[in-house]
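Model the following, please.
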Amino acid sequence: MGEAYVQTCTNSVGPGLPRVPRADHGRRDEQYTEKDRRNRSHSVGLSGGRTPFSYKTPDGKIIGFSMDLCHQVVEAVRQHLKLDKLTVDYVAATSATRFVLVKSGKIDIECAATTNNTERRKIVSFSYPHFTTATQYMSRRGDGITKIEDLAGRSVAAASGTVNIEQLNTINRERQLNIGVLPTKTNSEAFDLVANARASAFVWDGILLAAMIAQAPDPSKFELSEETLSPPEPYGLLVRHGDEEFRTVVNAALERIFTSREINAIYKTWFMSPIPPDGMNLNLPMSPTLQAAFTAPTDYLD
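Here you go, the predicted model:
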């Protein structure tokens, strides 16, 4: 649960398209739209275990809310380039590698659940927001953890490369809680540390924690904090810094979806209905904040 994919998967948008050699990604001055036009291929980065945004089912399908949006973005790119077909290469990414992969040009767009903030915008760019969530923590039910101060002197896990571990370190330092922060390579590792009583809590985005708990063999063993460690922050699709032509195509595709009835159907599929592989239903109505973001899409620059 929550493992990043260890192999690159390839799927063609439309049958019969021959594979075309990839571009030399060392050409960092080349705009993605030009690369896509020349190679007729487009790299989509995704991370495992981000249910319901981007995840892999047991039969190998790559699905999720963010993936549904990205499929339409890729189609918009194909139309923008006036190509008959465009090959999509799915590339595995982790919390720690996603920014490097985008910045280096190894992926054109990351379609998962990545928080947009000031520090990250210095090295990458983001699309219009497609979700909002806050940082929370999960713990074992019965441990008596109801507020962050209850974790003083305990071990708390968080994945490296996430905004959540930065927020945890800041709170730990400012409140002098003496929390032993345990960085992990993946979010599934962090969850397992709590499940096996090697950590008292796991800090991550609230929506992703809720999904991970729901997928556990016995969800009743865990609880999600009511307390949040951050204000609500937006997710965005990750693109390379400075390529405004490509970002404009991405945002135009998202705006068309967000301002039509289509977004309601897509949202209902992933947040208000049973989803693969086990029929989990998050039963999470769309928040007023997210409704407002979809009604009038704009860049998040706070």
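
got the phi/psi numbers for A190?
Main-chain dihedrals, A190, degrees, to the nearest 10: phi -60, psi -40.

Tell me who's in contact with it.
Neighbouring residues of A190 by CB atoms under 8 Å, 6 or more residues apart in numbering: 157-159, 182, 184, 199, 202-204. Using the backbone N, CA and C atoms, a C-beta is placed for each residue, glycine as well.

how near is it to A159?
6 Å (CB to CB, to the nearest Å).

Same question for I171.
Distance from I171 to A159, counting by CB to CB: 17 Å.

and for A190 and A159, which residues touch both?
When contacts are counted by CB under 8 Å, 6+ apart, A190 and A159 have 184, 204 as shared neighbours.

what's near enough to touch the spatially closest residue to E233 that is not a sequence neighbour?
Spatial nearest neighbour of E233, excluding adjacent residues (CB to CB, 6 or more residues apart in numbering): T115 at 5.1 Å. Contact analysis of T115 by CB under 8 Å, 6+ apart lists 162-163, 205, 233-235.

again, only this time at 7 Å
Shown in contact with T115 (CB atoms under 7 Å, 6 or more residues apart in numbering): 163, 233, 235.

One more: F294?
F294 touches 258, 263, counting by CB under 7 Å, 6+ apart.

Centre of the chain to the helix or strand encompassing it, how far?
When secondary structure is defined by DSSP states H and E, F294 falls within helix 288-295. Put simply, helix 288-295 sits 19 Å off its chain's centre (CA atoms, centre = their mean, to the nearest Å).

I figured T57 hits P276, correct?
Yes - T57 lies in contact with P276 (CB atoms under 7 Å); the separation is 5.2 Å.

that older thread, would you convert the contacts of T115 into JSON lines that also reports neighbour count and distance to V194?
Formatted as JSON lines, these follow (neighbours: other CB atoms under 10 Å; distance: CB to CB, whole Å):
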{"residue": "V163", "neighbour count": "20", "distance to V194": "19"}
{"residue": "E233", "neighbour count": "19", "distance to V194": "23"}
{"residue": "Y235", "neighbour count": "24", "distance to V194": "23"}
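
Looking at these, which one is closest to A214?
Of all the contacts of T115, the one sitting nearest A214 is Y235; the distance, using CB to CB, is 19.0 Å.

how about the nearest residue to the closest one, chain neighbours excluded?
The nearest residue in space to Y235 (CB to CB, 6+ apart) is F131, at 4.3 Å.

Over to T132?
P232 (4.6 Å).

And for A210?
Distances taken as CB to CB, 6+ apart place L224 nearest to A210, at 5.8 Å, with adjacent residues excluded.

Show me what the one you found bridges to in the sheet.
For L224, the beta-bridge partners are M138 (DSSP bridges).

Just give me the neighbour total for it.
For L224, the neighbour count with other CB atoms under 10 Å is 16.

so how far is C111 from it?
For L224, the distance to C111 - CB to CB - is 25 Å.

now P219
For P219 relative to C111 (CB to CB), the value is 27 Å.

between these two, who's got more neighbours?
Using other CB under 10 Å as the criterion, P219 and C111 rank with C111 on top: 30 against 14.

so where do the strands sit in the stretch 151-300 of the chain?
155-159, 180-184, 201-205, 222-224, 233-240 (DSSP state E, counting those that start in this stretch).

wait, which of these is closest to N283?
Across the strands of the stretch 151-300 of the chain, the minimum distance to N283, taken as CB to CB, is reached by strand 222-224, at 13.9 Å.

Contacts for that closest one, please.
Under the criterion CB under 7 Å, 6+ apart, residues 136, 138-141, 206, 209-210, 213, 216 lie in contact with strand 222-224.

and with 6 Å instead?
136, 138, 141, 209-210, 213 (CB atoms under 6 Å, 6 or more residues apart in numbering).
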